[in-house]
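Q: My questions are about this predicted structure, shown below with the sequence.
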Amino acid sequence: MKTLNYGQAIHRALEFAMEKDPSVFVMGIGVDDHKAVFGTTKGLLEKFGRERVFDTPISEGAMTGVAVGAALGGMRPVHIHIRSDFLYLAMDQLLNMAAKWRSMFGGAASVPIVVRAVIGRSWGQGAQHSQSLQSLIAHVPGIKVGMPTTPADAQQMLLAAIADPNPVVLFEHRLLYDIVGELPEPDWAVEFKRAVVRRPGKDLTIVANSYMAVEALKAAEFLQEHGIEAEIVDPVTVVPLDEAVILGSIRKTGRLIVIDTSWTFCGVSAEIAALAAEKAFSSLKQPVLRLGMQPTPCPVSKPLENLFYPNAGTIADAAFKMMERRSPELRAPVLTHAFKGPF
Amino acid sequence: MKTLNYGQAIHRALEFAMEKDPSVFVMGIGVDDHKAVFGTTKGLLEKFGRERVFDTPISEGAMTGVAVGAALGGMRPVHIHIRSDFLYLAMDQLLNMAAKWRSMFGGAASVPIVVRAVIGRSWGQGAQHSQSLQSLIAHVPGIKVGMPTTPADAQQMLLAAIADPNPVVLFEHRLLYDIVGELPEPDWAVEFKRAVVRRPGKDLTIVANSYMAVEALKAAEFLQEHGIEAEIVDPVTVVPLDEAVILGSIRKTGRLIVIDTSWTFCGVSAEIAALAAEKAFSSLKQPVLRLGMQPTPCPVSKPLENLFYPNAGTIADAAFKMMERRSPELRAPVLTHAFKGPF
Amino acid sequence: MSAKADRELLGKLYRLMLGIRLAEEKIVELYPTDKIQSPIHLSIGQEAVSAGLALAMGEADRLYGTYRGHGPYIALGGDLKKLFAELYGKDTGCARGKGGSMHLVAPEAGLMGCSAIVASTIPIATGHALASQMRGRRYAVLSLFGDGGVDEGVFFESVNFAVLKNLPIVYVLENNRYAIHSTVPDRHKQTELFRIAEGLGLRGERFDGNDASNVYATAKRAIDAVRAGSVPALLEYTTYRWREHVGSQEDYAAAYRAPGEREEALAHDPLQITRKALIEAGASPVELDGWRSQVLQEVEEAVRFAEQSPSPAPGRLLADVYASR
Amino acid sequence: MSAKADRELLGKLYRLMLGIRLAEEKIVELYPTDKIQSPIHLSIGQEAVSAGLALAMGEADRLYGTYRGHGPYIALGGDLKKLFAELYGKDTGCARGKGGSMHLVAPEAGLMGCSAIVASTIPIATGHALASQMRGRRYAVLSLFGDGGVDEGVFFESVNFAVLKNLPIVYVLENNRYAIHSTVPDRHKQTELFRIAEGLGLRGERFDGNDASNVYATAKRAIDAVRAGSVPALLEYTTYRWREHVGSQEDYAAAYRAPGEREEALAHDPLQITRKALIEAGASPVELDGWRSQVLQEVEEAVRFAEQSPSPAPGRLLADVYASR
Ligand SMILES: Cc1ncc(C[n+]2csc(CCOP(=O)(O)OP(=O)(O)O)c2C)c(N)n1
Ligand SMILES: Cc1ncc(C[n+]2csc(CCOP(=O)(O)OP(=O)(O)O)c2C)c(N)n1
Ligand SMILES: [Mg+2]
Ligand SMILES: [Mg+2]
């Protein structure tokens, strides 16, 4: 076991994959610079050369197509975006092309590309550097979507994504980068379908992904101090969604709060709430509750940004309410993962 | 009252708006040709001139930005796409720019653009000419979304959209174009927030939009012959969603089937199912059920395409099941709106 | 080239074009029967481009196309039976009935795929050229698109990347005068489209695209050059679409066409041009008519195959969405 | 121009540049205190472009910019208090605290908006020029972007449309050598960026962007021309970013910079260039130092205003998302 942070875990997975498979290469804005996308591509240029680690023009549309074409030519590209907001420019290639290629041609070819996209938050990222586009991608069949939360997830899911013959988009949350965890040996073979029970509990289920799982865990600690046992389920793969684990927890607790890193409307939180209403209805004791970004573009001003995202405090409040209890005077502690600028 | 079909109703609204407001103009691929986007722009060129009715290069990204800029310059553009699948190329301008402009600048300016996008279906449209992207747009705050079903909707919602100071995307279903209906006088003043009870019923609620509302109505007729009273609710505006009407129906019937023209995963059907689970939970007697496109890109082959979409038959089956009744031997009649090619 | 080689070449080109023309005339005949339930975009009138490219391509070279895919599919040697079966939406089609006319594919023949989104295969072809480059540049990639393809930003982004990385790619702009009903000057101030990306460093040339041997010669030179290490190239071939944009009918009377276009088209019929050259090179009309019958027979067989083939089973609906490891 | 007019002009340019430089030096000073919680992209070293453009613009002309927006905002005459308040995320900011440093706006001063998505305001500026055209072409629109802006397809799409419709727009490419840490030749084979869209019919020219009076003269000529009906133009101004891409620090030692860049930069300091010309034109150093103190005082006042301003009230969170009719 090795102890590394999230960014280092991604780096380890990339290095492992590039060592084992010469068809793997890394492309994207800044992958070869001294910042190395928060260190995740550090040293890869020196080790694997300019052919396999290269900067691109700021052309997200065509570069995504280039990745698709390289994959059809036998390569395994990993395309990196320092903010997932830029994916809007790649939607045509991701959703009209990569996601459909295999099916549209009756199985004639597959498109093994991996897209890594970082979700920004805090330090005034504002409206255009804070988005979390998993539901847009997940809506369209033919492409897989993952949201690694821990360093171990980050390593194993990136490897599983690279090994996957299908297009995969991984959303990495900026606030997770400094979180440290234990890593297993790098392993290609892990399945790309997983929801993890991060913490068992009997009173209510909180399904929360990515950085929201971290906040939910903090809330759960606080709730426990007040006698409420929340089970935290983290669906680290959005597509395919591990329904069994999610439904299993809901059936056990009978109560559900869903928290996604994005807006709720037509979001991943809507999907999971709908899933509960369809397949765990008879177990539910209470209305389902969704939390997510407030229905507005993200404001820069810190006091407003604080209100924009759910946090351990608002999650705990929601749980108390669901348990028909009043929130205690003392609020759940707010996490301090907010990073300092400039980016 | 005038009796016109859906396409003619759109035409009437455009003509009315262009007559009343000289800042309204129409742009898009083919708006000035002899097909006139299924007739909806017919004669406008002759009447209002090339400045206000113009073809564009095949540049969905920039042309959307051009519409935004024209709006900021005081105009009221209506930008037309003959298939909504092309909107993937416009996502950056629609969702990073148009939807955020007002909020991101603290209210300094608004972006009154209207985008009309046609949902294709049938006659082998296949994977890339059959998509229905309302949930992708609706996920992101700052932009409104409508799906007119009847000719009257088409006319009034287009007028309301043009009058709206915000960006609005209207999805028009190809199979609705030939449907005829009665039209009120053109009216700017109608509110852009509406769900319509298309047919009252007491046993279960079927929320179905756009062409799915037509299939649902057909199913409802059949169900009535078998003693089941389905209430059909058509949320013609997706954003803002008229929650009150939807919830009112669910609270009355206690049963909910949701049918959207797109895939279910993170779709509009997920949103409405989640809404029920949050806000009408105590009225629900049964698990909610979603129907939508099957989780695959749309196949061309007719027998497969027939299985790909919900229809009056599968809707009726779902309703019988929800009512804990067996489907009768005789299936609900299949509609014949499928149009003949070539496009 | 020797007279014999020349005649052989012309013969090959003519046969490929006959294949396209006769298959599509069959499609025109069938279309009103509704057996083909799919939007169709015919290559009639544009056969020389596909034929010339196909013959110019080496065994390992690859091509990406558009929804106007019958021409390239047939010329590259895609199986005619699988083509008709695909048009019929049958399980035996080249895309197993999933793709229809707009999404033809024949990797075994070098046709990697066709897309119904304008310009969308341009970056993909570019990426495939990158793969070629990374793996020793043993083959070239062709990106085939219409005059509408250069309207989209991805065209310029792709070209920029290709010239930056000096990829083994040839961009082929098949200018048939129209994007649906929109002329080139309706959409571009720069009407010499082969020059449209020269600011990015892409050298372009324009050629007559109705003369198959001319297409062949110019394309072969360009493809061989990029395969051997030369910078990317753009070849613009001027040609003309004889039928409506989508569908099987003629529409010479429609407002977007100029008067006299029909006569002009017939005067530049790619098949006649090559046929004439062939006969001048010594081929006998009887021989050529023999080919015609042979191709017709192949087409009939393909139609029969399509008609007799089974539709995809219901279980095929959800197949192919994801590959398993 | 008369010597007096010349001196007056130089004086105006110098004052605008002083405004940018001193405001940003204040930002540099403040940044480590975390009072400004927002990514910042400084214009230090690039002041001449904003100043020259601002002075060249007519009353009614409009400009769209990027996240590197302090320079244009200040030069165009955006309220300095509202700038600092915006950086502080205060309710009194130009975007009421919603936008921060990357999303400055001052419609009253001609700055329509700045976006943090590369190239994203290029088509919007183009559309605004269309509106001008439709309403009598009484004003020109400027689209200001960096050397990275020409990487995106929308740039080419926009240019194509602008030349097609002959819109009153001037594209201004502020080439500061880098897109983050990527040089122009890292991303383009065509390194004469002003030529990158010439295939589309856009005439471009390159100018020294460190000499404000040169920027002014060349921009004024171009803006006046397009306003009067001339075809769209692209102006490339070469300049240099003194500080890190994002943040307040210098990073001359970072690997992406060449040795000696710092010295080169200082030798081409836009403020020094104009100051020298001003003094040659007869201005006294004492007078100029007086301006400096005056600007510094304005900056201090603006900071004080920002610090004393209230944050947006919680109710502001969901305001502004939709306008009501
Ligand atoms: C992105 C996109 N926008 C619009 C369309 C609609 N459309 C289909 S074909 C076509 C014209 C393309 O013209 P061209 O590239 O010249 O090819 P041709 O049909 O002449 O072969 C258009 C605009 C589309 N398929 N994709
Ligand atoms: C579409 C998009 N892709 C990537 C980025 C990340 N990014 C921010 S600034 C920048 C470089 C832009 O360089 P340039 O246009 O030269 O402007 P400068 O920063 O030098 O003023 C990049 C790539 C972005 N903001 N938007
Ligand atoms: Mg064409
Ligand atoms: Mg730059």
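A: Okay, I see it. Ligands and ions are numbered 1, 2, ... in the order given.

Q: what residues are up against whichever residue of the stretch 101-250 of chain A sits closest to chain C?
A: Residue nearest to chain C within the stretch 101-250 of chain A: residue A:106 (3.1 Å; C-beta to the nearest C-beta). No exception for glycine: its C-beta is placed from N, CA and C like everyone else's. Residues counted as contacts of residue A:106 (C-beta atoms under 8 Å, 6 or more residues apart in numbering or on different chains) are C:93-99, C:105, C:320.

Q: Top of the residues you listed by number of neighbours, please.
A: Tallying neighbours with other C-beta atoms under 10 Å in any protein chain shown puts residue C:99 at the head of the contacts of residue A:106, with 36 neighbours.

Q: tell me the contacts of that one?
A: A:104-106, B:126-127, B:300, C:86, C:93, C:105, C:114.

Q: Quick one: residues in contact with the strand or helix carrying residue C:186.
A: If you go by DSSP states H and E, residue C:186 is part of helix C:184-187. Applying C-beta under 8 Å, 6+ apart, the set of residues contacting helix C:184-187 from outside is B:55-58, C:147-148, C:151, C:175, C:177, C:179, C:191, C:193, D:160, D:164.

Q: Filter those down to the buried ones, ChimeraX style.
A: To isolate the buried members of the contacts of helix C:184-187 in ChimeraX, using 16 or more other C-beta atoms under 10 Å in any protein chain shown:
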select /B:55,56,57,58 /C:147,148,151,175,177,179,193 /D:160,164
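
Q: roughly how far apart are the nearest residue to residue C:247 once chain neighbours are set aside and residue C:53?
A: Spatially, and ignoring its direct neighbours in sequence, residue C:247 is nearest to residue B:342 (3.3 Å; C-beta to C-beta, 6 or more residues apart in numbering or on different chains). Noted for residue B:342: a distance of 26 Å to residue C:53, by C-beta to C-beta, to the nearest Å.

Q: Just want to know which of the two has more residues nearby.
A: Per other C-beta under 10 Å, whichever of residue B:342 and residue C:53 has more neighbours is residue C:53, with 32 against 18.

Q: tell me the contacts of the more buried one?
A: Here residue C:53 is in contact with C:63, C:72, C:75, C:142, C:144, C:172, C:215-216, C:219 (C-beta under 8 Å, 6+ apart).

Q: how about a cut-off of 10 Å?
A: Contact analysis of residue C:53 by C-beta atoms under 10 Å, 6 or more residues apart in numbering or on different chains lists C:16, C:61, C:63, C:65, C:71-72, C:75-76, C:142, C:144, C:170, C:172, C:174, C:209, C:212, C:215-216, C:218-220, C:223, C:235, C:237.

Q: now the helices for the stretch 201-325 of chain C?
A: C:212-227, C:261-267, C:270-280, C:285-308 (DSSP state H, counting those that start in this stretch).

Q: most tightly surrounded among these?
A: Among those, helix C:212-227 has the highest mean neighbour count (mean count of other C-beta atoms under 10 Å in any protein chain shown), at a mean of 21.

Q: Give me the helices and strands touching it, please.
A: Where contact means 3 or more C-beta pairs under 10 Å, 6 or more residues apart in numbering or on different chains; DSSP states H and E, helix C:212-227 is packed against helix C:3-30, helix C:47-56, helix C:122-134, strand C:141-146, strand C:169-175, strand C:203-208, strand C:233-238, helix C:270-280.

Q: quick one: which of those is nearest ligand 4?
A: Comparison of those against ligand 4 by C-beta to the ion identifies helix C:122-134 as nearest, at 23.6 Å.

Q: Adding mean pLDDT, write the helices and strands packed on helix C:212-227 out as TSV.
A: Shown next, in TSV, are the helices and strands packed on helix C:212-227 (pLDDT from 0 to 100):
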stretch	mean pLDDT
helix C:3-30	96
helix C:47-56	98
helix C:122-134	98
strand C:141-146	99
strand C:169-175	98
strand C:203-208	98
strand C:233-238	98
helix C:270-280	97
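
Q: Can you verify my assumption that residue A:260 contacts residue A:291?
A: Yes: judged on C-beta atoms under 10 Å, residue A:260 makes contact with residue A:291 at a distance of 8.1 Å.

Q: Return every residue with contacts to both of those two.
A: Common neighbours of residue A:260 and residue A:291, counting by C-beta under 10 Å, 6+ apart, are A:208, A:212, A:269, A:310.

Q: Report the secondary structure element holding the last one.
A: It stands for residue A:310. Using DSSP H and E, residue A:310 falls outside every helix and strand.

Q: With adjacent residues omitted, what lies nearest to it?
A: That would be residue A:291: by C-beta to C-beta, 6+ apart, it lies 4.2 Å from residue A:310.

Q: Give me the phi and psi for the one you found.
A: phi -130, psi 150 (degrees, to the nearest 10).

Q: Comparing residue A:260 and residue A:291, which shows the higher neighbour count?
A: Taking other C-beta under 10 Å, residue A:260 and residue A:291 do not tie; residue A:260 has more neighbours (30 against 23).

Q: at contact distance from chain B, anything in the helix or strand containing that one?
A: In the assignment (DSSP H and E), residue A:260 maps to strand A:256-263. Yes: counting by C-beta under 10 Å from any C-beta of the partner chain, chain B has neighbours in strand A:256-263: A:256, A:258, A:260, A:262-263.

Q: nearest to residue A:153, of these?
A: residue A:260 (16.3 Å; C-beta to C-beta).

Q: Kindly provide the distance from the closest one to chain D.
A: Residue A:260 sits 19 Å away from chain D, going by C-beta to the nearest C-beta, to the nearest Å.

Q: residues touching the residue in chain C that chain D sits nearest to, list them.
A: With C-beta to the nearest C-beta, the shortest gap between chain C and chain D falls at residue C:153, namely 1.8 Å. By C-beta under 10 Å, 6+ apart, residue C:153 lies in contact with A:59, A:61-62, A:89, B:59-62, B:89, C:119, D:119, D:123, D:152-158, D:160.

Q: Quick one: mark the members of these that sit in strands.
A: Per DSSP state E, strands hold no members of these.

Q: What subset of those residues is buried?
A: If you count burial by 16+ other C-beta under 10 Å, the buried members of these come out as A:59, A:61-62, A:89, B:59-62, B:89, C:119, D:119, D:123, D:152-158, D:160.

Q: filter the residues you listed by proximity to ligand 2?
A: residue A:89 (C-beta under 6 Å from any ligand atom).

Q: Is the helix or strand residue A:118 falls within in proximity to chain C?
A: Taking DSSP H and E as the definition, residue A:118 sits inside strand A:114-119. No: Strand A:114-119 stays clear of chain C (C-beta under 10 Å from any C-beta), getting no nearer than 13.5 Å.

Q: same check, this time on stretch A:218-238
A: No: Stretch A:218-238 does not reach chain C (C-beta under 10 Å from any C-beta); its nearest approach is 12.5 Å.

Q: From start to finish, how long is that stretch in a straight line?
A: 22 Å (C-alpha to C-alpha, to the nearest Å).
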